[in-house]
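K.L.:
For reference, the sequence and a predicted model appear below.
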2 protein chains.
Amino acid sequence: MYRSHSCGELRASHINTEVTLSGWVQKSRDKGFMIWVDLRDRYGITQLIFDEERTPKTMMEQAQKLGREFVIQVKGTVIERESKNKNIPTGEVEVLVKELTILNNAKLPPFTIEDDTDGGEELRMKYRYLDIRRNPVKNNLIFRSKVTQEVRNFLSGEGFIEVETPYLIKSTPEGARDFVVPSRMNEGEFYALPQSPQTFKQLLMVGGMDKYFQIVKCFRDEDLRADRQPEFTQIDCEMAFVEQEDILNVFENLTRHLLKEVNGVEIEKFPRMLYDDAMRLYGNDKPDIRFGMQFGELNEVAQHKDFKVFNDAELVVGIAVPGGNEYTRKEIDKLIDWVKRPQIGALGMVYVKCNDDGTYKSSVDKFYDQDDLAKWAEKTGAKAGDLIAILSGDTNKVRAQLSALRMELAERLGLRNPKVFAPLWVIDFPLLELDEETGHYHAMHHPFTSPKPGQIELLDSKPGEVKANAYDLVLNGNEIGGGSIRIHDKATQAIMLKHLGFSDEEAKAQFGFLMDAFEYGAPPHGGLAFGLDRLVSILGGQETIRDFIAFPKNNSGRDVMIDAPAKLDNEQLKELSLKLDLQES
Amino acid sequence: MYRSHSCGELRASHINTEVTLSGWVQKSRDKGFMIWVDLRDRYGITQLIFDEERTPKTMMEQAQKLGREFVIQVKGTVIERESKNKNIPTGEVEVLVKELTILNNAKLPPFTIEDDTDGGEELRMKYRYLDIRRNPVKNNLIFRSKVTQEVRNFLSGEGFIEVETPYLIKSTPEGARDFVVPSRMNEGEFYALPQSPQTFKQLLMVGGMDKYFQIVKCFRDEDLRADRQPEFTQIDCEMAFVEQEDILNVFENLTRHLLKEVNGVEIEKFPRMLYDDAMRLYGNDKPDIRFGMQFGELNEVAQHKDFKVFNDAELVVGIAVPGGNEYTRKEIDKLIDWVKRPQIGALGMVYVKCNDDGTYKSSVDKFYDQDDLAKWAEKTGAKAGDLIAILSGDTNKVRAQLSALRMELAERLGLRNPKVFAPLWVIDFPLLELDEETGHYHAMHHPFTSPKPGQIELLDSKPGEVKANAYDLVLNGNEIGGGSIRIHDKATQAIMLKHLGFSDEEAKAQFGFLMDAFEYGAPPHGGLAFGLDRLVSILGGQETIRDFIAFPKNNSGRDVMIDAPAKLDNEQLKELSLKLDLQES
């Protein structure tokens, strides 16, 4: 038996107990006549003591040689500690060692195994197994496990059945590229890895499973942006005989349950916002409502003067920055530079300082008088002491730009407190989205989302105006979940696919099995999927999903620890009936 | 709101309640003046009633047209049923329909949606979403969900952390072929799908996670035998600072928990059997011990007479077949034909009838007298009225043959009762296994399994005799789990890989990251993995794992419902830098 207790377990009540502990050497202090060793395992740290008077000489020598991260087993007696450490739960005791066994040596780790490490990102990834020893990473993984267990407990309690859907499926165009898997037994053919279990969960509804969920890996072969992973985890859910309201209720309750169980936060009814309002008030379909700074649209009060920039703009829109009146000219110039960065892309920024005496000072005083500016202040909700930041231009672009500025300023103002949780339903999403490059419409959510009742007739005349039974759950400015009521009849699904540019043959080849299924008694159904990686990181009060994934990949989709992907030998390629066809370099 | 109650919910206490139900038309009986419809959902069946007196004419007409599997919604009043049905929980009531809405039509299903269906295997797979509506399949999936939830509850309670390991990893040789995934971003390189999360769970132990589990999909590109799936699910577990005994205890408790919670069966301490004994007594490393029929080795008492077949054999071994004395000559001939089938491969079978009067009648009376045969009866435990069936030949082959015969006879004798559960630990597996074709040894469990203490020295001289810290959990003649104490130091791992035929370069390329990890303080560790598909099917009292998988693949690895795998277009291949290299046909 390697241990009688964990390293986080011993208390004053254990004094005089004989114990066996195993763990890692966190650090040791050697005063010659006395050696203290901090022994660490997943559960905590216990101090070991060796001393000249009570410890045999050979063991003293052995103890002196213990390096950081050595794996040892000790037997000894729990004794009262002379200088107690109130910072750790085991701080009242130490173990006087009587037997010491080195279970494994350790080379000096490439970075320190401490809460604050000196290891850079790439090094920590290469030695992820050492990184996981560090409390912040270890605790994130334990936290993730707790969240998923709570999700399962809640959904099982609500009568949901967890059903595993297959990973080796068929290529389906859900917006992103599929990862594919060559089939050896079916020569020249490929499986695809699922981007989501969408069609299968719908078939489970056709199959009468009624309430389905699954915590499941999904795969997208996209060019990776920061914090995107080629494989990611969804909490995938579907229900039959439901309307949007039923779904919002169940998953609002799930989210409320999580916030309570894992964060100790109780939240009443989640607010709901129309997609159109979210775009108008926050320039964004996932507004962070932990703070205000709502957009004020200024066209009415800022156009038709002599300021050509505003007059030519589709949208003139501003936000009030609390306390922004304090900004120096230099600070404001920096802010203007910030919005003009290529990532943001604004051409400029107009500002108004709201003085404490109720007067205004703007960068466009040449064109606007105090009455004009007062109206701007009213529209943006600016108060004395604030700064109004105003952008103008094409509606979609300027909303995105001002939204980015709003988030940046909130960050600087400390308004994005990770311990505050502000969930929000955004509902009534458009069914279709215009791809500005191709001029084609594609499904905003996915091709299986149903239009609002009675709106399908608009698909021909005003495709951009058709609203969908689609909703997102937003938490602190992040989309943590999204879903829709699905189409459940073949005719509507056919119309939808046609509008998305599928020929009849393509529709049949790719979704024939689903459309067939709709002919055998498909119930009304809908669902939702949470992005688990993101959900867990936000509940954990952090921004980076990578810190909540045990073995993440880097931005090139590589696992630098195991060095994957890797080359195959020709034998293996041949078995798969494949040849490399490399680009000439 | 589609429903106020489910179709399994209404009881006599609901009489006079106004309810809304939704579901599928299971069947209808039309007597002209009265129509009864069985409405079905996941939760049960409720009878609806329409009658001339109380139902408007148009609704009667509508009700008459309801076909099987139509999806409908009804509003109505719960009334007492005239002829009660004691077989279903809702049998005391029916719903007098006041409003009927057809939510979706249904074509006639290709097979009947009944407990006993007329659909063949292939048809049921093609329309799996209809098959899932049938109680046997639906209940299996619900049962599976319950088992996994119980596994999670138990392991979480024991302090195990569920950690998700990656699916896009690196090709590792664990006995079977990997499925691979071409990487678009890393041209000419491939990920592999995991055959198991083996190395990752070991790295989690190096990372101090202490107790890990995961219910996880694994992938093997093997030629499929019946009841093998290219993707399958494991309950994967690993623990640090443990010896074999610790692991057996934890997972024996888990299995006991499952048997109790999902089967209501309480089982005391599981028996343990040495691998060598299992092979000797049952000819098999996964003996079904629900019944006896242990092997009796007869070399000592059957050789050195004039019967050349036995004299030349490496092993002469028999079993007593209870009541087999009754077999007619014709039945015995059939049995002999059975063991001579190519799948079994015996050259013949010697038999002894144990007469009720204590005499014996054998097929080799020419060579053996009554005293000889009495000794055979003693060795095999045969009693008056039994038949002794004896095979002879090469030890390994003859054990496999007799094991197959034992199972077949037990099946015929009704000794393999699926409601009886007989778990068994088989321990002390050999470390290595001789591949008879190549003459090379390979790892019986996997290359990370540790040899028994002190036996590593035998690797050179007697590789076949080295025992491993490896164990299997057997349930009713099926291996449901297996595991080992792992190697946790680089030197031993290097020796092991060398003996398995890896060059230093190969070892480094494939397992360098693991061997490196062992140098940074790897704790002693070990684990176990359960095959979930198999486990669930046995707990569910059935043999076929396919019936416990929502969307299984057929024997060619195809999903016939979605028709996967499928061809890729050239565009997609090009993006992956691949060309097909098809065999000429």
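P.N.:
Noted; the coordinates are in hand.

K.L.:
Pull up the residues of the stretch 201-350 of chain A that are close to chain B.
P.N.:
Counting by CB under 8 Å from any CB of the partner chain, the positions of the stretch 201-350 of chain A adjacent to chain B are A:203-204, A:206-211, A:217, A:219, A:221, A:223-224, A:230-231, A:233, A:241-243, A:246. Every residue, glycine included, has its C-beta placed from N, CA and C.

K.L.:
how near is the nearest residue to residue A:2 once chain neighbours are set aside to residue A:10?
P.N.:
In space, and not counting its chain neighbours, residue A:2 is closest to residue B:241: 3.8 Å by CB to CB, 6 or more residues apart in numbering or on different chains. Going from residue B:241 to residue A:10 by CB to CB, to the nearest Å gives 16 Å.

K.L.:
for residue A:414, same thing?
P.N.:
40 Å.

K.L.:
one step back: ok, the residue nearest to residue A:2 - contacts?
P.N.:
A:2-3, A:22, A:41, A:73, B:210, B:523-525 (CB atoms under 8 Å, 6 or more residues apart in numbering or on different chains).

K.L.:
Check residue A:30 too.
P.N.:
Neighbours of residue A:30 in contact, by CB under 8 Å, 6+ apart: residue A:64.

K.L.:
Show me what the longest helix that chain A contains is in contact with.
P.N.:
The residue-count maximum for a helix in chain A (DSSP state H) belongs to helix A:135-157. Here helix A:135-157 makes contact (CB under 8 Å, 6+ apart) with A:42, A:115, A:131-132, A:162, A:211, A:213, A:215, A:235, A:237, A:253-254, A:257-258, A:261-262, A:532, A:535-536, A:539-540, A:542, A:547-548, A:550, B:145, B:149, B:152, B:156, B:161-164, B:207-209.

K.L.:
ok, of the residues you listed, which come out buried?
P.N.:
A:42, A:131-132, A:162, A:211, A:213, A:215, A:235, A:237, A:254, A:257-258, A:261-262, A:532, A:535-536, A:539-540, A:542, A:547-548, A:550, B:145, B:149, B:152, B:156, B:161-164, B:207-209 (16 or more other CB atoms under 10 Å in any protein chain shown).

K.L.:
quick revisit: look at residue A:414 and residue A:10 and report which has more neighbours.
P.N.:
Comparing residue A:414 with residue A:10 by other CB atoms under 10 Å in any protein chain shown, the one with more neighbours is residue A:10, at 24 against 8.

K.L.:
so how far is residue A:43 from that one?
P.N.:
In terms of CB to CB, residue A:10 sits 10 Å off from residue A:43.

K.L.:
Show me where the stretch 51-200 of chain A has its helices.
P.N.:
A:57-64, A:121-126, A:128-131, A:135-157, A:198-206 (DSSP state H, counting those that start in this stretch).

K.L.:
For the third one, give the mean pLDDT please.
P.N.:
Helix A:128-131 shows a mean pLDDT of 98.

K.L.:
Show me what that helix is packed up against.
P.N.:
Packing contacts for helix A:128-131, counted by 3 or more CB pairs under 8 Å, 6 or more residues apart in numbering or on different chains; DSSP states H and E, involve helix A:121-126, helix B:198-206.

K.L.:
winner for burial among the ones you listed?
P.N.:
helix B:198-206 (a mean of 26; mean count of other CB atoms under 10 Å in any protein chain shown).

K.L.:
Tell me what angle that one forms with helix A:135-157.
P.N.:
Using axes from the mean of the first three to the mean of the last three CA atoms, to 10 degrees, the inter-axis angle of helix B:198-206 relative to helix A:135-157 is 120 degrees.

K.L.:
Next, see if the very next helix or strand once past helix B:198-206 gets close to chain A.
P.N.:
Next along the chain after helix B:198-206, taking DSSP states H and E as the criterion, comes strand B:211-219. Yes - if you take CB under 8 Å from any CB as the test, strand B:211-219 does meet chain A, through B:211, B:217, B:219.
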